[in-house]
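1. Below: sequence and its predicted model.
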Amino acid sequence: MKPYHYVLLFLLCVIAPFILPDYRTQLALLWVMIVLALSWDILGGQMGYNSFGNIIFFGVGMYACAVFQRDSGLSYYPALLIGMGLGGLFAMLTAALLGNALLGMRGHYFAIGTLGLGVAAGELAGGWDYIGAGSGMTTPLFPGELANRDVFFYFLFFAWALVGFLGLRWLYRGRFGLAINAIRDDEDKAESMGIHTTRYKVTAWIFSALFLGVIGGGAGNLIGFIDPKDVAFSGPTFGVWMILMAITGGKGRLWGPVVGAVVFHFTQELFWTLLLGWQRVALGLLIILIVLFFPEGILGWIAQRFPQRAAAKAQLDDKSKQAS
Amino acid sequence: MFDNFMILFDAPVFSVDLLINGMLIGAIFMLAAYGMALVWGVMDVINVAQGEYVMVGGYVTLVVVKLGLNPLLGIPIAALVLYLLGWLMYRTVVYRVVDKDVFTSLLATFGIAILLAQLTNQIFGADVRSIDTELGTWFFLDDMVTVAVIKVIAFALALFLGVVLWLFLKKSRTGQAIRATAQNARAARILGIDTHRIYAITYSLSAALCGAAGSLVVMAWSIHPYIGLPFTVRSFMVVIVAGLGNLPGVVLAGLGLGAAENFAGFILGTEFQIAFVFILMIVVLVWRNRSLRRKRKYLK
């Protein structure tokens, strides 16, 4: 893509809520999805650690933000923004605390361990009275007009997704990206070459947690009601979606999760309502089909189908890496 | 929480009750874990759908009872139906991921798990179900210890099935072929074993074991469409505590887990029982990894 493509894309994103006023909530949710997929791909795609429990950071952020909004006594906007920041902070702390222990495992053990983590968090939140236990929490009402609410959240999430995307782009291009790619390719070799693998792994997880925690705080407010198992620590929905979106788009590629999230979210919105309660059955089927027949994802498929263009792009990337 | 803890000291007999009932349930965990260890050892696949097979086995038994048959007849029927379901899943999904990387097989079986859980939810609804076998209850020690007869039967049957499977693996030709494939699939293929057939049998056998376990669960306990994941995690935990291929270890770990869970459910309250299972698994994993780290090894 040439530079003006990016400008066009950016403009399209800015005017999207105004040309599609009926779909504002869905468009705002699209940015949440993009952040979810991007943040999963840090570990799953770039570092080769397939986490099934990253949803925990989403939920931690959501609850931290909602509790701050409930108890701080500040007015809506400062409470929301500080709350989202706190959400990110708590998520990062969680990642830092758990990272050292969990990231020492690999393969099956890491995957099942994180899977258990996500479910355990949901079960604990469902029994803790301070955060509403099983009956959940409601977030404060938006003070302005209802029509402005979705536009506000759209641009809030858009900004955070942009920060996430550009931040990751910068990270992947530098030493950090090389290090975590080395861990994915061969962790033992990476370690013997002098990379502090544990430090990089925990850092990567903390980044992932930061993006998820902040967007979780916002998403709780967009949805308006936080249920411990169905919204905050919702393994069968957001938790699986983020993996599925990253794979659909092409994991281990910067644009992969973005493309995957857009495709997944639009198909979901178009066809999901037709399924009348069978959505989650379809989700299970979709996971199986994608894993079996389309594991390389959309961008991976394009790279195989048009190897020249992909190779040319790889060379360009190398050149820009050398230049920087 | 602490009140319940103190009850255990005030009435020590009560902890005997918890221990016995927990261990009786633990035999069922052992059965499901045995199935997982089989698939893991032979195919190097962690079957995340393990618990869902337990759950489906329970619902098969419910249907059997609805048809007016004896609930105990549900055990062989559930095992048979689950054997066929396992075969179907192997032939459609699992055989494509057997020699792929860890993540692919995990995610594919995770897909199966979600599919089965949601399908059951659509067909049977999300209610908690159980079957009353009307076999009565035994009372011991001044009626302080109550043991439902069906739990004892479930315990005995679970141990019996475990022994039968062990003998099958040791003595029969197919069992020997399964063990040969587990040791070295390539060598087994060279020596004329159809490894894909062996994989299919292993996977279906594991599903059948889970089906029988599920049938016992619905009689001795209760089921609903979302109990699958806790059962998968329990099986996984039992296998990692015992180690692959360590049969006495699986029995002990299964019984121990059942007892521990029953105590935790009593002390912390039943709403935290599932959370306890998952947290215990993470603790076990971390602890195992810690002890390996000193030898410069890690769980993989």
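-> Right, received. Where do you want to start?
2. Give me the contacts around stretch B:166-182.
-> B:38, B:41-42, B:187-188, B:191, B:193, B:195, B:198-199, B:201-202, B:247 (CB atoms under 8 Å, 6 or more residues apart in numbering or on different chains). No exception for glycine: its C-beta is placed from N, CA and C like everyone else's.
3. What about A:Asp227, how many residues nearby?
-> Burial of A:Asp227 is recorded as 18 neighbouring residues (other CB atoms under 10 Å in any protein chain shown).
4. sorry, back to before: make a PyMOL selection of the buried ones in the contacts of stretch B:166-182.
-> Taking 16 or more other CB atoms under 10 Å in any protein chain shown as the burial criterion, the selection of buried members of the contacts of stretch B:166-182 in PyMOL is written as:
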select buried, chain B and resi 38+41+42+188+193+195+198+199+201+202+247
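5. quick one, what contacts A:Pro17?
-> For A:Pro17, the contact set (CB under 8 Å, 6+ apart) comprises A:24, A:27-28, A:150-151, A:154-155.
6. Would you indicate which residues of the strand or helix carrying it are buried?
-> For A:Pro17, the host element (DSSP states H and E) is helix A:3-19. Along helix A:3-19, the positions that meet the burial threshold by neighbour count (16+ other CB under 10 Å) are A:13, A:17.
7. related to what we said a few turns ago, could the contacts of stretch B:166-182 be laid out in JSON lines, adding distance to chain A, pLDDT and secondary structure?
-> As requested, the contacts of stretch B:166-182 are arranged in JSON lines below (distance: CB to the nearest CB, whole Å; pLDDT from 0 to 100; DSSP: H, G, I helix; E, B strand; the rest coil):
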{"residue": "B:Leu38", "distance to chain A": "15", "pLDDT": "88", "secondary structure": "helix"}
{"residue": "B:Gly41", "distance to chain A": "13", "pLDDT": "86", "secondary structure": "helix"}
{"residue": "B:Val42", "distance to chain A": "15", "pLDDT": "88", "secondary structure": "helix"}
{"residue": "B:Ala187", "distance to chain A": "24", "pLDDT": "92", "secondary structure": "helix"}
{"residue": "B:Ala188", "distance to chain A": "23", "pLDDT": "90", "secondary structure": "helix"}
{"residue": "B:Leu191", "distance to chain A": "28", "pLDDT": "91", "secondary structure": "coil"}
{"residue": "B:Ile193", "distance to chain A": "25", "pLDDT": "90", "secondary structure": "coil"}
{"residue": "B:Thr195", "distance to chain A": "20", "pLDDT": "89", "secondary structure": "helix"}
{"residue": "B:Ile198", "distance to chain A": "21", "pLDDT": "92", "secondary structure": "helix"}
{"residue": "B:Tyr199", "distance to chain A": "16", "pLDDT": "92", "secondary structure": "helix"}
{"residue": "B:Ile201", "distance to chain A": "22", "pLDDT": "93", "secondary structure": "helix"}
{"residue": "B:Thr202", "distance to chain A": "17", "pLDDT": "92", "secondary structure": "helix"}
{"residue": "B:Leu247", "distance to chain A": "21", "pLDDT": "78", "secondary structure": "helix"}
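8. related to what we said a few turns ago, mind checking what helix or strand follows the helix holding A:Pro17 in sequence?
-> Along the chain past helix A:3-19, the next helix or strand (assigned with DSSP H and E) turns out to be helix A:24-41.
9. Show me which of the contacts of stretch B:166-182 is closest to B:Met219.
-> When the contacts of stretch B:166-182 are compared for distance to B:Met219, the smallest value, 23.7 Å, is given by B:Leu38; criterion: CB to CB.
10. doesn't B:Ser204 make contact with the closest one?
-> No - the pair B:Leu38 and B:Ser204 does not pass the contact test of CB atoms under 8 Å, sitting 10.6 Å apart.
11. all strands of the stretch 101-250 of chain B, in order?
-> Assignment of strands within the stretch 101-250 of chain B using DSSP state E, counting those that start in this stretch yields the ranges B:137-140, B:145-148.
12. now the last one: mean pLDDT?
-> Going back to what we said before, that points to strand B:145-148. Computed over strand B:145-148, the mean pLDDT rounds to 78.
13. can you check the first one too?
-> pLDDT averaged over strand B:137-140 equals 73, rounded to a whole number.
14. helices and strands around that strand, which ones?
-> If you count contacts as 3 or more CB pairs under 8 Å, 6 or more residues apart in numbering or on different chains; DSSP states H and E, strand B:137-140 packs onto strand B:145-148, helix B:149-171.
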